[in-house]
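Participant: I'll drop the sequence and a predicted model, then ask my questions.
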Amino acid sequence: MPFLINPQLDGSGNGNNWTANNIDWTTDTATTYDIMSDVPTLTDEDTSNFAVMNPLDNALSVTITNGNLQIASSSASWKTARSTFVMPAGSWYCEFTATTGIGTGNSFIGIVPTGVALPQPIGEGSATSWGYGSNGSIYNNGSIINATGLSWSSGDVVAMTFNGSTLVFYKNNSLVATVSSIPSNDYCVGFSLYSTDAGAVNFGQRPFEYTPPSGFKKLNTFNLPDSTIVKGSEHFNTVTYTGSASDVTVTTNFYPDLTWAKSRNNTYNPSLIDSNRGGDDVLFSNLTSAESTVSGLATFSSTGVTYLAGEGGVNADASTTYVLWAWKAGAGTAVSNTDGSITSTVSANTTAGFSVISYTEPSGSFTIGHGLGVAPTCFFMKNRVVGGENWIFWSEAIAAVPTNNGLYLNSTSAKFATGGNWLDSISSTTIGYTNNKVSQAGSSVMYAFAEVEGYSKFGSYVGNGSTDGPFIYTGFRPAYLMFKCTDNISHWTMVDNKRNTYNVMDDSLYADTSAAEHTTITDVDFLSNGFKWRGVLANETNVNNFNYIYMAFAENPFKNSLAR
C-alpha cells in the first residue's frame, strides 16, 4: 500500500511511529533525501517512479542491490545491466559513482537498445551501443572512436546526457566527449563491470552530485511523455466467452471493426471478420483459401459483436470456449480514400494507429491510401477472392522499405525473400507494393498499424536460450502479445491477459493452425513496462541467437501502470 503523507506516522492508530534517522523526506537537496513513495503518483518529478537497474535484464548475473541502484561484479568476467526505462524523446541525465575496484578499462557507462543481446562490455559488442570506458576511451562496436585520455576510477562521478541523437560524457562535472548523429532507437542506460568493480547509479531519486545541464531531466515516470491512450481497452480488448445453442453477443465496450476469434478447446479455424468487408464475410488466418460468406455471421454494434449460432469458428455450441481479440478502427465508418494510385475504402482510428483497408488490386505496382496520417510500422493483408493466396505480413522489425522480405501469417516458415522488392514504399499516406510478387489481382483487405507511445509496439528481440530469458521493453503493460521466430520454422503464438490473469503467461493459441489452446508453450511474464521470457521451447520463444518479431498492445502505459 502507498505510504501516508507523513511516512513516519503509523496509520493504524496504534502509535507505532518511526523516528527519522539519517533520512530527510522534505528537502530534496539533502544528501539523505528519501521520499519513501512506493507508487508512481506523478505528483511532480521528485515524487514519481524512477528508473533503476533492471534485475530482469542483465548479462551473467551482475549483482544488483540497494534498491537496484548499486551494481557490482564478483568474478573475472564482464557483468552488464540495463536500466528499467528506455530514454524516450526528451533530454536525460544520470550519474554513476565508482566505489570499489574500478581499474583502467574495467568499467563502462553508455547506452544500448532494449531487445538486443547485452554487449560485453557496453560499446564493445554492438553497432548500436556506445560506451565510455574507465580507460578514458569511447567505444562503439568494439572500436575506439575517441581516445580521450580521461580515465576514471574509484571515487569519480561519471555523468551522461542523452537527447536521442547526441550522447555526452562527463567526469567530475568536466566534459569528456560528445558523440553525435546516433541513429534513432529505444536506448536504455547500460553499465558494464569486471572483477571486483562496483558503483552506485543515480537517475535522480537522490540528489545529483552535480547540476544537470539546462533542459536535461531525471529519468522517471513523471517526465515520460504522456500517452494519448491511457486505457488500452478503449481501442483494443480481449474477451473470453462460451458459445451457445443460440446467437451469442460478446461485449467489447467499443465498436469492434476487426474481430479475431479462436476456439480454445476445439480445433476450429481462427476467424477474422471486419466492418469493411461486412459481417457476412470471414477469412481464416491459418488458411490460404478465399473468403467465405455466411449470411448474418456477425452483427456489429457500438458495444460489441453478435455471432450466429452453429458457426464453429465463432459460436459452435455451448460446450465450446473462445477468445476474441478486437480492435477499433473507424467505429463502423469507412470512407473512400484517393491518396494512392488506386482508390481504397478505409476505416481508420488515427488515435490508436489502426486502419482496415479494402481495395481491388490491379496487376503490377500500385499504391493505396491507409488513412493513418503517419507511416505504418506493421501490416498484414490477404487476397479475398483468389484461393491459394498467402497472408502477407510485414513489420519494420523484419526489414526496411523497399524490401523483398516478409512473412506468411498462415505458415510456420521463416521469413521469405522474393526475387525482387515487393514492398516498394510506405509513407504517411500510402503503402505501395507489386502484387504479382506476393499475391494476385483481385479484391483484398489489409490491416495496418502504426506505433502509438504507451499503447502499441511492433519490434524484435534476440533469444538467449536461457530460462532467464531476455526482457523486452515496450513502454506499457501488455494486454496482448503475438510473436514469431524469423530465422526458422515456428508458430505465430498469441498470449493475452484475459486467459492468463497472472504470471507466468503460458496459455497459447496459434494464428497459423486450428489447434486448441496449449498451456506449456510460452512461459512469459507480462510486466509494467514490457515482457520477460522464462523458458525456451524449440524455435518458438527464445532460442539462443535466433531473431524474433512481436506485436504487442497495452493494458496501460508504463507511465500510468503498476507492476503485476
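Facilitator: The structure has been received and is ready for your questions. Numbers count the residues shown, from 1 in each chain.
Participant: Would you mind measuring from the residue positioned nearest the centre of the chain to residue 556?
Facilitator: Residue closest to the average C-alpha location in the chain (C-alpha atoms, centre = their mean): residue 474, at 2.8 Å. The spacing between residue 474 and residue 556, counted by C-beta to C-beta, to the nearest Å, is 11 Å. Placement of C-beta: from N, CA and C, glycine included.
Participant: Now name the helix or strand holding residue 110.
Facilitator: Assigned by DSSP states H and E, residue 110 belongs to strand 108-113.
Participant: who's in contact with that strand?
Facilitator: 82, 87, 96, 118-119, 121-124, 126, 128-134, 139, 158, 160, 162, 167, 169, 182, 185-192 (C-beta atoms under 8 Å, 6 or more residues apart in numbering).
Participant: Sheet partners, orientation included, of the helix or strand just after it?
Facilitator: For strand 108-113, the succeeding helix or strand toward the C-terminus, using DSSP H and E, is strand 130-133. Strand 130-133 pairs in its sheet with strand 108-113 (antiparallel), strand 137-140 (antiparallel), by DSSP bridges.
Participant: follow-up on the earlier one: how far does the strand holding residue 110 sit from its chain's centre?
Facilitator: Here strand 108-113 shows a centroid-to-chain-centroid distance of 20 Å under the convention C-alpha atoms, centre = their mean, to the nearest Å.
Participant: Buried residues, it. List them.
Facilitator: Buried residues in strand 108-113, defined by neighbour count with 16 or more other C-beta atoms under 10 Å: 108-113.
Participant: Distance to residue 199 and pLDDT added to those residues, as CSV?
Facilitator: Shown next, in CSV, are the buried residues of strand 108-113 (distance: C-beta to C-beta, whole Å; pLDDT from 0 to 100):
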residue, distance to residue 199, pLDDT
108, 11, 91
109, 9, 93
110, 14, 95
111, 17, 96
112, 17, 92
113, 22, 89
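Participant: Nearest to residue 210 among those residues?
Facilitator: residue 109 (14.7 Å; C-beta to C-beta).
Participant: if I look at the closest one, how far off is residue 257?
Facilitator: 47 Å.
Participant: before we move on, back to that, out of the strands paired with strand 130-133, the one nearest residue 508 is which?
Facilitator: Across the strands paired with strand 130-133, closest to residue 508 is strand 108-113 (C-beta to C-beta), at 27.0 Å.
Participant: Can I get that closest one in PDB, CA atoms only?
Facilitator: Taking C-alpha atoms only, strand 108-113 is exported to PDB below (Å, rounded to 0.1, in the frame of the first residue of the first chain):
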ATOM      1  CA  PHE A 108      31.800   1.200 -18.800                       C
ATOM      2  CA  ILE A 109      28.800   3.500 -18.900                       C
ATOM      3  CA  GLY A 110      26.800   4.100 -22.000                       C
ATOM      4  CA  ILE A 111      23.700   3.300 -24.000                       C
ATOM      5  CA  VAL A 112      22.300   0.100 -25.500                       C
ATOM      6  CA  PRO A 113      18.900  -0.600 -27.100                       C
END
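Participant: What are the boundaries of the strands in the stretch 201-350 of the chain?
Facilitator: Along the stretch 201-350 of the chain, the segments classed as strands by DSSP state E, counting those that start in this stretch run 236-242, 248-251, 258-263, 271-274, 281-284, 292-293, 298-300, 304-307, 321-327, 335-337, 344-349.
Participant: now for the ones you listed, which one comes closest to residue 148?
Facilitator: Residue 148 sits nearest to strand 236-242 of all the strands of the stretch 201-350 of the chain, at 48.0 Å, using C-beta to C-beta.
Participant: helices or strands up against that closest one?
Facilitator: strand 248-251, strand 321-327, strand 476-485 (3 or more C-beta pairs under 8 Å, 6 or more residues apart in numbering; DSSP states H and E).
Participant: Need the residues that contact it.
Facilitator: 248, 250-254, 256, 264, 304, 318, 320-328, 352, 479-480, 496-499, 553-554.
Participant: With stretch 333-346 instead?
Facilitator: So stretch 333-346 is in contact with 275-276, 330, 347, 355-360, 362, 366-371, 429-432, going by C-beta under 8 Å, 6+ apart.
Participant: Just the buried residues of those residues.
Facilitator: Looks like the contacts of stretch 333-346 have 275-276, 330, 347, 355-360, 366-371, 429-432 buried, using 16+ other C-beta under 10 Å.
Participant: where along the stretch 401-550 of the chain do the strands fall?
Facilitator: 405-408, 416-417, 423-426, 430-434, 442-449, 456-462, 471-473, 476-485, 493-496, 509-510, 524-527, 530-533, 547-557.
Participant: how about JSON lines for these, with mean pLDDT added?
Facilitator: Shown next, in JSON lines, are the strands of the stretch 401-550 of the chain (pLDDT from 0 to 100):
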{"stretch": "strand 405-408", "mean pLDDT": "97"}
{"stretch": "strand 416-417", "mean pLDDT": "95"}
{"stretch": "strand 423-426", "mean pLDDT": "97"}
{"stretch": "strand 430-434", "mean pLDDT": "97"}
{"stretch": "strand 442-449", "mean pLDDT": "97"}
{"stretch": "strand 456-462", "mean pLDDT": "94"}
{"stretch": "strand 471-473", "mean pLDDT": "91"}
{"stretch": "strand 476-485", "mean pLDDT": "96"}
{"stretch": "strand 493-496", "mean pLDDT": "96"}
{"stretch": "strand 509-510", "mean pLDDT": "96"}
{"stretch": "strand 524-527", "mean pLDDT": "92"}
{"stretch": "strand 530-533", "mean pLDDT": "92"}
{"stretch": "strand 547-557", "mean pLDDT": "94"}
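Participant: And the ones you listed: which comes nearest residue 389?
Facilitator: Among the strands of the stretch 401-550 of the chain, the nearest to residue 389 by C-beta to C-beta is strand 442-449 (8.5 Å).
Participant: Strand 258-263 and the closest one, what's the angle between them?
Facilitator: 90 degrees (axes from the mean of the first three to the mean of the last three C-alpha atoms, to 10 degrees).
Participant: Which neighbours in the sheet does strand 442-449 have, and how are they oriented?
Facilitator: strand 354-361 (antiparallel), strand 378-383 (antiparallel).
Participant: What is the burial count for residue 402?
Facilitator: 15 (other C-beta atoms under 10 Å).
Participant: typo on my end, it should be residue 552
Facilitator: Neighbour number of residue 552 under other C-beta under 10 Å is 23.
Participant: who are the neighbours in contact with it?
Facilitator: Neighbours of residue 552 in contact, by C-beta under 8 Å, 6+ apart: 456-459, 474, 476, 478, 480-482, 531.
Participant: Then residue 363?
Facilitator: By C-beta under 8 Å, 6+ apart, the neighbours of residue 363 are 435-436, 441.
Participant: mind redoing it with 6 Å?
Facilitator: Residues near residue 363 by C-beta atoms under 6 Å, 6 or more residues apart in numbering: residue 441.
Participant: For the strands of the stretch 201-350 of the chain, could you give me TSV that also reports mean pLDDT and distance to residue 452?
Facilitator: Converted to TSV, the strands of the stretch 201-350 of the chain look like this (pLDDT from 0 to 100; distance: least, C-beta to C-beta, whole Å):
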stretch	mean pLDDT	distance to residue 452
strand 236-242	98	10
strand 248-251	98	24
strand 258-263	98	16
strand 271-274	98	20
strand 281-284	98	25
strand 292-293	96	32
strand 298-300	98	23
strand 304-307	98	23
strand 321-327	98	12
strand 335-337	98	20
strand 344-349	98	10
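Participant: closest one to residue 389 among those strands?
Facilitator: Closest approach to residue 389 among the strands of the stretch 201-350 of the chain (C-beta to C-beta): strand 281-284, 10.4 Å.
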